[in-house]
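1. Only the shape, not the letters, is given here:
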């Protein structure tokens with residue numbers, strides 16, 4: 001009897017502990033709730049409470065037909081310590097068509113399990129995934145093989161709209177995924193991509209993506225792309241007025257003078273850019289055309305740096321530049337002429353700022369004095385509101401430094 005009472009007490013305490021744990025999880029802030037990790041442990045009552053008390057997961061209830069959980073967003077990574085097998089089991093409890101976005105980190109075993117299970121599904125099993133964010137951790141184990149299978153075999157062709165992928169070593173892997181969704185992708189970002197022995201993007205390897213609104217290829221090594229291919233990619237974009245980002249700091253555009261000039265001129269189609277970073281082997285464009293580009297095409301952006309081999313234009317001060325107070329010690333020293341001198345590297349172009357300033361018309365000087373300089377003052381007076389600098393990346397030092 002005493003033994004039975006003892007067992008009952010232990011069972012009772014375990015039940016209390018489990019209930020407390022469930023309540024703690026249900027009370028967690030939205031951003032910290034590891035929902036996809038605890039799916040298999042939730043009871044129907046937990047699901048009801050979660051849906052009723054947490055707006056973000058209001059739709060996380062059971063499919064009335066199949067009885068599976070509706071989970072629109074799965075983020076597996078960060079501090080997660082869920083095992084390979086446990087994460088893989090989640091797939092069986094989720095209503096697959098309900099998934100809209102996936103975030104996976106190869107540094108966590110649970111992400112391997114989840115991706116492995118997803119990559120073995122039938123084609124078309126997850127038809128509504130539109131956003132995919134993946135850290136491949138330099139292609140750890142079989143993670144990338146499963147990723148390619150998921151993107152090219154399980155996902156329907158042209159299904160993804162947003163792709164953010166990092167930690168890749170193979171350019172072919174990136175291109176295989178891009179080609180599978182080239183007609184639907186709107187935002188593409190590849191970070192810390194290691195080119196290895198590949199120093200040139202082969203013609204037609206990088207697909208054209210007509211719906212693009214943001215393209216960022218931040219490779220670790222400088223890799224060449226022909227001006228013809230770059231021009232094809234830019235001209236194929238159907239709505240250039242919607243493009244906000246063209247960020248290719250280490251992708252060097254090279255080719256004959258006519259093709260490179262055509263790339264520079266094609267930028268005039270992109271009228272609402274918030275970030276433009278392009279590198280050229282050499283830009284055979286006249287000083288007059290570069291000044292016009294700054295005054296007309298990039299007129300709406302305050303932070304600009306143009307030389308004979310790069311164009312950088314941003315709505316915020318570039319985090320890898322010297323601080324704005326190091327370029328202009330005082331806000332009132334920001335004038336049209338001083339900005340004109342700093343933002344275009346006239347010395348590299350074989351001339352001087354003073355000489356080119358005298359060539360400007362009165363109306364052009366007013367653009368610098370009354371529009372561009374005040375925008376810089378806005379950045380100067382609000383340095384604390386700028387976004388946090390991105391982590392330093394290899395090879396950025398020579399990318400673009402403010403002229404001094």
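-> Done, it's in. Bear in mind the structure is a predicted one, so any value in this text is a computation, not a measurement.
2. so where do the strands sit in the stretch 101-250 of the chain?
-> 101-105, 131-135, 162-166, 187-193, 214-219, 223-226, 245-254 (DSSP state E, counting those that start in this stretch).
3. can you put the ones you listed in a markdown table and add mean pLDDT, mean neighbour count and distance to residue 155?
-> Quick note: C-beta positions are derived from backbone N, CA and C, even for glycine. Below are the strands of the stretch 101-250 of the chain laid out as a markdown table (pLDDT from 0 to 100; neighbours: other Cβ atoms under 10 Å; distance: least, Cβ to Cβ, whole Å):
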| stretch | mean pLDDT | mean neighbour count | distance to residue 155 |
| --- | --- | --- | --- |
| strand 101-105 | 88 | 21 | 10 |
| strand 131-135 | 93 | 20 | 9 |
| strand 162-166 | 94 | 19 | 11 |
| strand 187-193 | 85 | 20 | 15 |
| strand 214-219 | 90 | 20 | 20 |
| strand 223-226 | 88 | 20 | 27 |
| strand 245-254 | 92 | 20 | 24 |
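4. Distance to residue 305 added to these, as TSV?
-> Listed next are these as TSV, based on distance: least, Cβ to Cβ, whole Å:
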stretch	distance to residue 305
strand 101-105	33
strand 131-135	30
strand 162-166	26
strand 187-193	22
strand 214-219	17
strand 223-226	21
strand 245-254	12
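5. To residue 260, which of these lies closest?
-> The closest of these to residue 260 is strand 245-254. By Cβ to Cβ, the value is 6.5 Å.
6. which residues are in contact with the closest one?
-> Contact with strand 245-254 is made by 201, 213-227, 230, 260, 263, 270, 273-282, 395-396, 399, as judged by Cβ atoms under 8 Å, 6 or more residues apart in numbering.
7. so how far is it off the chain centroid?
-> Taking Cα atoms, centre = their mean, to the nearest Å, the mean C-alpha location of strand 245-254 is offset from the chain mean by 14 Å.
8. next one: stretch 211-222
-> 8 Å.
9. circling back: so which of the strands of the stretch 101-250 of the chain is nearest residue 336?
-> That would be, of the strands of the stretch 101-250 of the chain and by Cβ to Cβ, strand 245-254, which comes in at 26.9 Å.
10. Following the closest one in sequence, what is the next regular element?
-> Following strand 245-254 in sequence order, the next helix or strand is helix 257-266 (DSSP states H and E).
11. tell me which residues of that following helix are tucked away?
-> 259, 260, 261, 262, 263, 264, 266 (16 or more other Cβ atoms under 10 Å).
12. How many neighbouring residues does the nearest residue to the fourth one once chain neighbours are set aside have?
-> So that's residue 262. Residue nearest to residue 262 in three dimensions, not counting chain neighbours: residue 231, with 5.5 Å by Cβ to Cβ, 6 or more residues apart in numbering. Using other Cβ atoms under 10 Å, residue 231 is surrounded by 18 other residues.
13. With residue 92 instead?
-> Applying other Cβ under 10 Å, I find that residue 92 has 11 neighbouring residues.
14. do residue 323 as well
-> For residue 323, the tally of surrounding residues (other Cβ under 10 Å) stands at 12.
15. show me where pLDDT drops low in the stretch 301-404 of the chain?
-> Where the stretch 301-404 of the chain drops to pLDDT under 70, the residues are 382-404.
16. one more time with 50
-> 384-404 (pLDDT under 50).
17. all strands of it, in order?
-> 303-306, 310-314.
18. export those strands to CSV and tack on distance to residue 169 and mean neighbour count?
-> Output for the strands of the stretch 301-404 of the chain, formatted as CSV (distance: least, Cβ to Cβ, whole Å; neighbours: other Cβ atoms under 10 Å):
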stretch, distance to residue 169, mean neighbour count
strand 303-306, 31, 22
strand 310-314, 26, 24
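19. Compare those strands and give me the one nearest residue 350.
-> Among those, the nearest to residue 350 by Cβ to Cβ is strand 303-306 (14.0 Å).
20. What ranges does the stretch 251-400 of the chain have for its helices?
-> 257-266, 287-292, 324-327, 336-343, 353-359, 362-367, 373-381 (DSSP state H, counting those that start in this stretch).
21. most packed of those helices?
-> When these are scored by mean count of other Cβ atoms under 10 Å, the highest mean neighbour count falls to helix 336-343 (a mean of 20).
22. And that helix, what does it pack against?
-> Secondary-structure packing of helix 336-343 (3 or more Cβ pairs under 8 Å, 6 or more residues apart in numbering; DSSP states H and E): strand 303-306, helix 353-359, helix 362-367, helix 373-381.
23. Let's have those in TSV, adding distance to residue 100.
-> Shown next, in TSV, are the helices and strands packed on helix 336-343 (distance: least, Cβ to Cβ, whole Å):
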stretch	distance to residue 100
strand 303-306	34
helix 353-359	51
helix 362-367	44
helix 373-381	36
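24. So which of the strands of the stretch 101-250 of the chain is nearest residue 114?
-> Nearest to residue 114, of those and by Cβ to Cβ, is strand 101-105 at 6.7 Å.
25. Parallel or antiparallel, list what pairs with that closest one.
-> As defined by DSSP bridges, the strand partners of strand 101-105 come to strand 73-76 (parallel), strand 131-135 (parallel).
26. Pipe those into JSON lines and attach distance to residue 171 per row.
-> Shown next, in JSON lines, are these (distance: least, Cβ to Cβ, whole Å):
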{"stretch": "strand 73-76", "distance to residue 171": "26"}
{"stretch": "strand 131-135", "distance to residue 171": "16"}
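27. Among the strands of the stretch 301-404 of the chain, which comes closest to residue 375?
-> Nearest to residue 375, of the strands of the stretch 301-404 of the chain and by Cβ to Cβ, is strand 303-306 at 8.6 Å.
28. and the closest one, what does it pack onto?
-> Contact partners of strand 303-306 among helices and strands, from 3+ Cβ pairs under 8 Å, 6+ apart: strand 310-314, helix 336-343.
29. And the contacts of that strand?
-> 290, 293-294, 298, 311-318, 321, 343-345, 376, 379, 400-403.
30. Kindly recompute the last result at 10 Å.
-> 275-277, 283, 285, 287, 290-291, 293-294, 298, 311-318, 321, 324, 339, 342-346, 348-349, 372, 375-376, 379, 399-403 (Cβ atoms under 10 Å, 6 or more residues apart in numbering).
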